[in-house]
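1. I would like to see how this sequence folds:
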Amino acid sequence: MSNKVVVKVENVSMKFRMTTEKINSLKHYFIKRLKNQIKYNEFCALQDINFEIKKGEVFGIIGLNGAGKSTLLKIIAGVLKPTTGTVTRKGTLAPLLELGAGFDEELTGRENIILNGMILGFSKEFLLEHTDEIIDFAELRKFIDSPLKNYSSGMKARLGFAIATAVNSDILIVDEALSVGDYKFRKKSEQKIKDIIASGATVIVVSHSSTQINTLCNRVLWLEGGRMKMIGETEEVSDIYMEVDKEEKAKMKAVTKAVTEAMAEAEQTPQKGKTPKKKGNKEDSNKK
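-> Numbers count the residues shown, from 1 in each chain. Modelled structure (predicted):
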């Protein structure tokens, strides 16, 4: 691997097995498992993925829902092991995949900074030293000593983001983390990512926001049905993808409209053997 390449994905494929029947209980599952009676279907989430990311690049991954974007990020982060293929990384890595994963609802926000930070690989000493900085960035000073079960989902996400970005890593992996909180905090988190980029870190980002992708990324990978559809300069790939995305949204809108109209028509059509009720006017009812 070249000195400039910090992430290399080679021949990566990912398959999941899904049961083809409903299993009602854990006992039922183990009985069928021991008898080798469980039938599975194989689902290929990713197939033959190959690319390299160079130091300092901001690399975007786009695609419609179910294209395999989040699965690929988890494989790069080491959360999932691919069925086939390899991923090679150089340097420290900070994954912003599921913000707040590992939080304990009964502990306070302050205690969760230590717990979650250590799960992410930070030392306790580092976290104690940067606790105030994390609290202030998350804008949770008033609530930091309250149990996490009293936090809103947005507050938890802000705390998770602040912990994960407390130190600049060599490689940052971002999966929709830029959409946390309200508009003000989203702008703040975007600026934090830009500061990390300016420090020379390599960033891999998945976002449904074309504006974010176009603003942040140097290159983009377009996934479709778990396969590489296109890879190249952001503007070139993004322009073609946006046209396809518009077409898909138009198709979905047309289908939704057709279903809505069909349901409305069905409600107005009298069922066989039944006579539709006639609506009487006010004058008739007054006569009665």
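2. give me the element L221 is part of.
-> strand 219-224 (DSSP states H and E).
3. Contacts for that strand, please.
-> Where contact means Cβ atoms under 8 Å, 6 or more residues apart in numbering, the residues beyond strand 219-224 that reach it are 46, 51, 57, 59-64, 67-69, 72, 213, 228-234, 237-238, 240-241. Bear in mind the C-beta positions are built from the backbone N, C-alpha and C, glycine included.
4. got it, and stretch 7-15?
-> 1, 42-53, 59, 68, 71-72, 75-76, 80, 82-90, 171, 202, 204, 226.
5. what bridges to the closest residue to Y40 other than its chain neighbours?
-> Once flanking residues are discounted, Y40 sits nearest to R17: 4.2 Å by Cβ to Cβ, 6 or more residues apart in numbering. R17 has these beta-bridge partners by DSSP bridges: E42.
6. R17 and I31, how far apart?
-> 19 Å (Cβ to Cβ, to the nearest Å).
7. Please name every helix or strand in contact with the host helix or strand of T256.
-> T256 is part of helix 234-268 when elements are defined by DSSP H and E. Packing partners of helix 234-268 (3 or more Cβ pairs under 8 Å, 6 or more residues apart in numbering; DSSP states H and E): strand 58-62, helix 210-216, strand 219-224, strand 227-233.
8. looking at those, which is buried most?
-> Highest mean neighbour count of the helices and strands packed on helix 234-268: strand 58-62, a mean of 25 (counted as mean count of other Cβ atoms under 10 Å).
9. Other residues contacting the helix or strand just after it?
-> Toward the C-terminal end, the helix or strand that comes next after strand 58-62 (DSSP H and E) is helix 69-77. Residues from elsewhere that reach helix 69-77, judged by Cβ under 8 Å, 6+ apart: 7, 9, 12, 14, 45-46, 49, 61-63, 80-82, 87, 89, 93, 95, 97, 173, 175, 204, 206, 223.
10. Show only the entries of those residues found in strands.
-> Among the contacts of helix 69-77, the members found in strands (DSSP state E) are 7, 9, 12, 14, 45-46, 49, 61-62, 87, 89, 93, 95, 173, 175, 204, 206, 223.
11. Make a PyMOL selection of whichever of the contacts of helix 69-77 turn out to be buried.
-> Selection command for PyMOL covering only the buried members of those, criterion 16 or more other Cβ atoms under 10 Å:
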select buried, resi 7+9+12+14+45+46+49+61+62+63+80+82+87+89+93+95+97+173+175+204+206+223
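12. State the distance from G91 to L97.
-> Remark: distance between G91 and L97 (Cβ to Cβ) = 18 Å.
13. hmm, I was thinking of I231
-> Separation of I231 from L97 (Cβ to Cβ): 22 Å.
14. same deal with L140?
-> Distance, L140 to L97, using Cβ to Cβ: 21 Å.
15. do A262 as well
-> Relative to L97, and taking Cβ to Cβ, A262 is found at 40 Å.
16. Low-confidence stretches in the stretch 1-150 of the chain?
-> 1-3, 20-21, 100 (pLDDT under 70).
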